[in-house]
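Colleague: Give the three-dimensional model of this entry:
(chains A and B)
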Amino acid sequence: MISIHQFKKYYGNTLVLDIPSLTFPSGIHWIKGKNGSGKTTFFKALAGLLPFSGEVKLHDLSVKKEAVAYRRQVSYGEAEPLYPEFLTARDLIHFVGKAKKASSQQMEELVDRLDMHTFYRHPCGTYSSGMLKKLSLVLAFLGSPSVIMLDEPLITIDDQAVGMMYDTIRHYHQQGVTFLLSSHQDFDFSALPLHTTFLVHQQTISQTS
Amino acid sequence: MVTEFYRKNTGFFFVLFGFGLGVLRNVEHYYIIIAAIHSYSLLGGLALLWTLYLIKTISFTLQALSEKQNQFLYQFFLYPFRFKIAGFVLVHLLQFLPVLVYIGAIIGLGMLHQRWLSVGICLLYLLLTGLVAVRRYARQLTYPGRESRLLAWLAVLSYRLKKPQVSLFLFKVLHDHKLLFLLTKILSGLLLFLVARLYEMGGYDNRLVMFALTLAGLANVVLVYYFHYFENVDLSLQKNLPLRLRQRFLRHMLTLSCLLLPEMFLFGQYFHAHFHILRLLEGFLLVLSISLLIYSYLFIQSIKVEILVRRVFLLMLLYFFLILFGLPIGALVLLNGGLAYFIYLRFYYSFELYIPSQDEEE
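Modeller: Below is the predicted model of the structure:
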C-alpha cells in the first residue's frame, strides 16, 4: 500500500502538484489525466526520481529515509523513454537487473515475452519508439518489486505487444504486485482487473471510481 | 549554427579570452606575432592550435547537423550550388572568427615587416582550412547518417561485449565528446610537460608541481560537467535503482579515475624519478579529489557550464593560495574528498536537474 501525505511538487516557483493525502491499496489502479496534468511528475516523484516536499511511504518504507529498501520495492517504466544511444538493451537490462538483483532467468523470460531478441544486442540509437518502450517495460519488471508504475504503457507498441503487456501485468498481479498505470487510452477492462481509477486534475489527484 | 556554437562554448571562450586578453597584454601579443612572422616553427605551433580550434568548429557543426531537431537543415541540400557554398563559407568564417582576427594581425604585421613568406603561409592556411570545412559540411549534407570508423567499431564492440557500469560514461565520451576529451588531455598534458621541463631545469619546489597538477585536474571541469549531466539525464533511471549512496559514490569515483588516467600516467611518467611513491600517490589523489569535489558540487543546484567554469576559476585561485602557503597536499586531498562525500550524501536525492529560464533568472 502506498500512502502519500502533504505532497507538494514545484518546478521553479510553479506548483504543479498538491496532494494533501492519498492512499493506493493493493491492486491495479488507473491514473487518468490530460497532457501536462502532472501524471509523469507524480510517477517520477513516487519512484524517487524527483525531489518533493511531503512524505511518500510504501507500507513503512519512506522514499526519503529508507531510500534503498523503498527503491527495491518500487519500479517505474517511462512514458517516452530515452536511453544513451550507444547502449544496447542487453547493457541496460544487465545494469538495472544487477542493481535489482534480478535473475538471469527473469531477464531472459522478459526478453522472450516482449519479443526483443532481434534487437537485444543492437544500440538504442537504432531503436524505434516501440522498441524503446518495450525496453523500458522490461526494465520496470526486473527484480522483485511490489509496486510497478507504468507511464502510458500502451503507447507506441503494436497490438501484439499490447496483448503481451496485458498478460504480463496479469501474471505479476497474480503474484501480488500492485500496478499504477497512466494512460490516455481506455484500458481493456475485460483484460485487466482494474481496482480503482484516479484523476489528475487541477494540480491534485482524486479517486473517481 | 553560429550563435549556438558561441552559446554552447561560452565557458571555453571565457577561459580563452580571460587568458588572451586578461593575462597576456597587448605588447606581449605584439611580440608573439613579431616572433611568429620570423620563426616558422612558432608559426607552425600557432597553426597547430588554430587547427585544434578548427576541428572544434567543424565537429560542432557536424554534430549539430546530425541531431534530430536539426534534420530540417538537410533541405538546404536542395538550394542552388552557389548559395550552398556561400552558406557553408559564412558559417565557417563566423565560427573561425577569433582565429581570423589573430591571423589578420599576423598578415598585417607580416606585410609591414615585409615577411612575405609568412604572409603567404597564413593566406594558404586560411584557404586550405576554408576548403576543408566547406568540403566536410557538403559531404555531411550529401551523405547524412554515415558513421565514423570509430563509431562503427564501437557498435561492433557493443554487439559482442557487455559494458561494465564504470565504462558507460567513457563510451559516451568516445561517442559524443571525443574532441573535448582530446583537447582537455592535450591541455593538461602540455601543462604537466612544461612544468616537468621547468622542474628539471630550475629545481623548483614541489608546490609548483602540485599546483600544475591542480590545474590539470581543474582542466577537466567540462568533462566532469558532462559526466554529471549524463548520469542525471541520459541515465536518469539509475536514481530509481536500489543502490546505497556509498556504492553510487564509489562508482562515480571509479569512472572519474578512469577519465583522469592520462593525467595520472603523465604525472607518474614525468616525476617518478623525482618523487617518492607516496608523493606520487598523493598527486594522483589530489587530481581525483578535485574532480570529485566539482562533481559533488553539481548536486547542490543546477547550473550552466559557463557558470561552473567561472566558479572553478575562483576555486583555482583558492587552491593557488592554499598550496603557496604550504598546506600539506594530504590535508588538501582529505578536505576535498571529505567535502565531496558530505555534499554527495546531503544533496544526491534532493537534486533535480532544472535550468531556469532567463525570465526566472531575472
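Colleague: Neighbours of residue 89, how many?
Modeller: Answering for chain A, as no chain was given. Neighbour count for A:Ala89, taken as other C-beta atoms under 10 Å in any protein chain shown: 25. (Each C-beta comes from the backbone N, C-alpha and C, glycine too.)
Colleague: sorry, should have said chain B
Modeller: By other C-beta under 10 Å, the residues close to B:Val89 number 15.
Colleague: residue contacts, it?
Modeller: Contact partners of B:Val89, counting by C-beta atoms under 8 Å, 6 or more residues apart in numbering or on different chains, are B:130, B:134.
Colleague: low-confidence ranges in chain A?
Modeller: Of all residues in chain A, those with pLDDT under 70 make up the ranges A:187-189.
Colleague: Need the residues that contact the longest helix seen in it.
Modeller: Longest helix of chain A, by residue count under DSSP state H: helix A:159-174. Helix A:159-174 is contacted by residues A:27-28, A:110, A:113-115, A:130, A:134, A:137, A:141, A:148, A:150, A:153-154, A:157, A:179, A:181, A:188, A:191-193 when judged by C-beta under 8 Å, 6+ apart.
Colleague: Give the buried residues for it.
Modeller: Using 16 or more other C-beta atoms under 10 Å in any protein chain shown as the test for burial, helix A:159-174 gives A:161-162, A:164-166, A:168-169, A:172-173.
Colleague: about what we covered before: check the contacts of helix A:159-174 against chain B, which are close?
Modeller: Among these, proximity to chain B is found for none (C-beta under 8 Å from any C-beta of the partner chain).
Colleague: tell me what the helix or strand where B:Tyr31 lies is packed against?
Modeller: Element membership for B:Tyr31 (DSSP states H and E) is helix B:26-38. If you count contacts as 3 or more C-beta pairs under 8 Å, 6 or more residues apart in numbering or on different chains; DSSP states H and E, helix B:26-38 packs onto helix B:40-66, helix B:97-112, helix B:116-142.
Colleague: what angle sits between it and helix B:97-112?
Modeller: Counting by axes from the mean of the first three to the mean of the last three C-alpha atoms, to 10 degrees, helix B:26-38 points 70 degrees away from the direction of helix B:97-112.
Colleague: Next, format the helices and strands packed on helix B:26-38 as TSV and append mean pLDDT and mean neighbour count.
Modeller: Output for those, formatted as TSV (pLDDT from 0 to 100; neighbours: other C-beta atoms under 10 Å in any protein chain shown):
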stretch	mean pLDDT	mean neighbour count
helix B:40-66	86	16
helix B:97-112	91	16
helix B:116-142	89	16
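Colleague: Tell me which of the ones you listed lies nearest to B:Lys172.
Modeller: Among those, helix B:40-66 comes nearest to B:Lys172, with 13.3 Å by C-beta to C-beta.
Colleague: and the next element down the chain from that closest one?
Modeller: According to DSSP H and E, the helix or strand after helix B:40-66 is helix B:81-95.
Colleague: hey, C-alpha coordinates of that next one in CSV?
Modeller: Only the C-alpha atoms of helix B:81-95 are listed here, as CSV (Å, rounded to 0.1, in the frame of the first residue of the first chain):
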residue,chain,number,x,y,z
PHE,B,81,25.2,25.3,-55.6
ARG,B,82,26.5,28.8,-55.2
PHE,B,83,24.0,29.6,-52.4
LYS,B,84,25.0,26.4,-50.5
ILE,B,85,28.7,27.2,-50.8
ALA,B,86,28.2,30.8,-49.7
GLY,B,87,26.3,29.4,-46.7
PHE,B,88,29.0,27.0,-45.7
VAL,B,89,31.7,29.6,-46.1
LEU,B,90,29.7,32.1,-44.0
VAL,B,91,29.2,29.5,-41.2
HIS,B,92,32.9,28.6,-41.3
LEU,B,93,34.1,32.2,-41.3
LEU,B,94,31.9,33.3,-38.4
GLN,B,95,32.8,30.3,-36.2
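Colleague: show me the contacts for B:Ser291.
Modeller: Contacts for B:Ser291 (C-beta under 8 Å, 6+ apart) come out as B:217, B:220, B:224, B:256, B:259-260.
Colleague: What is the nearest of those to chain A?
Modeller: Of all these, B:Leu259 has the smallest distance to chain A: 16.2 Å, by C-beta to the nearest C-beta.
Colleague: my read: the closest one touches B:Phe227, true?
Modeller: Yes: contact status for B:Leu259 versus B:Phe227: in contact at 7.2 Å, counting by C-beta atoms under 8 Å.
Colleague: Name the residues contacting each of the two.
Modeller: Here B:Leu259 and B:Phe227 have B:Phe169 as joint contacts, going by C-beta under 8 Å, 6+ apart.
Colleague: Quick check: A:Gly54 is in a strand.
Modeller: Yes: per DSSP: H, G, I helix; E, B strand; the rest coil, A:Gly54 lies within a strand segment.
Colleague: on that earlier part again, for the helices and strands packed on helix B:26-38, which one sits closest to B:Leu90?
Modeller: helix B:116-142 (10.2 Å).
Colleague: What pLDDT does the model give the closest residue to A:Leu49 other than its chain neighbours?
Modeller: Spatially, and ignoring its direct neighbours in sequence, A:Leu49 is nearest to B:Lys239 (5.0 Å; C-beta to C-beta, 6 or more residues apart in numbering or on different chains). B:Lys239 is assigned a predicted lDDT (pLDDT) of 94.
Colleague: got it, and the one 10 residues further on?
Modeller: Listed pLDDT for B:Phe249 reads 96.
Colleague: Could you report the distance from it to chain A?
Modeller: According to C-beta to the nearest C-beta, to the nearest Å, B:Phe249 and chain A sit 14 Å apart.
Colleague: hang on, the earlier thing: would you format the contacts of B:Ser291 as a markdown table with neighbour count included?
Modeller: Compiled in a markdown table, those are given as follows (neighbours: other C-beta atoms under 10 Å in any protein chain shown):
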| residue | neighbour count |
| --- | --- |
| B:Gly217 | 27 |
| B:Asn220 | 27 |
| B:Val224 | 25 |
| B:Leu256 | 24 |
| B:Leu259 | 21 |
| B:Leu260 | 23 |
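Colleague: Let me have these in CSV, extended by pLDDT and secondary structure.
Modeller: Listed next are these as CSV, based on pLDDT from 0 to 100; DSSP: H, G, I helix; E, B strand; the rest coil:
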residue, pLDDT, secondary structure
B:Gly217, 91, helix
B:Asn220, 93, coil
B:Val224, 96, helix
B:Leu256, 96, helix
B:Leu259, 95, helix
B:Leu260, 95, coil
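Colleague: Widest-spaced pair of those residues?
Modeller: With C-beta to C-beta as the measure, no two of these lie farther apart than B:Gly217 and B:Leu259, at 10.7 Å.
Colleague: re the thing from before, any of the contacts of helix A:159-174 buried? List them.
Modeller: With burial judged by 16+ other C-beta under 10 Å, the buried subset of the contacts of helix A:159-174 is A:28, A:110, A:113-114, A:134, A:137, A:141, A:148, A:150, A:153-154, A:157, A:179, A:181, A:192.
Colleague: Just flag the most distant two among those residues.
Modeller: Using C-beta to C-beta, these reach their maximum pairwise distance at A:Ile28 and A:Lys134, which is 20.1 Å.
Colleague: Get me the contact residues on the stretch 101-250 of chain B for chain A.
Modeller: Checking the stretch 101-250 of chain B against chain A by C-beta under 8 Å from any C-beta, the hits are B:154-155, B:158-159, B:162-163, B:165, B:168, B:171-172, B:175, B:230, B:234-245.
Colleague: rerun at 10 Å
Modeller: When proximity is defined by C-beta under 10 Å from any C-beta of the partner chain, the stretch 101-250 of chain B lies next to chain A at B:151, B:154-155, B:157-165, B:167-169, B:171-172, B:174-176, B:230, B:232-245, B:247.
Colleague: Was I right to think B:Gly330 contacts B:Leu278?
Modeller: Yes: counting by C-beta atoms under 10 Å, B:Gly330 does reach B:Leu278; the two are 9.2 Å apart.
Colleague: out of those two, which sits in the busier spot?
Modeller: The residue with more neighbours, out of B:Gly330 and B:Leu278, is B:Gly330; 14 against 9, by other C-beta under 10 Å.
Colleague: Okay, that one and chain A: tell me how far apart.
Modeller: 33 Å.
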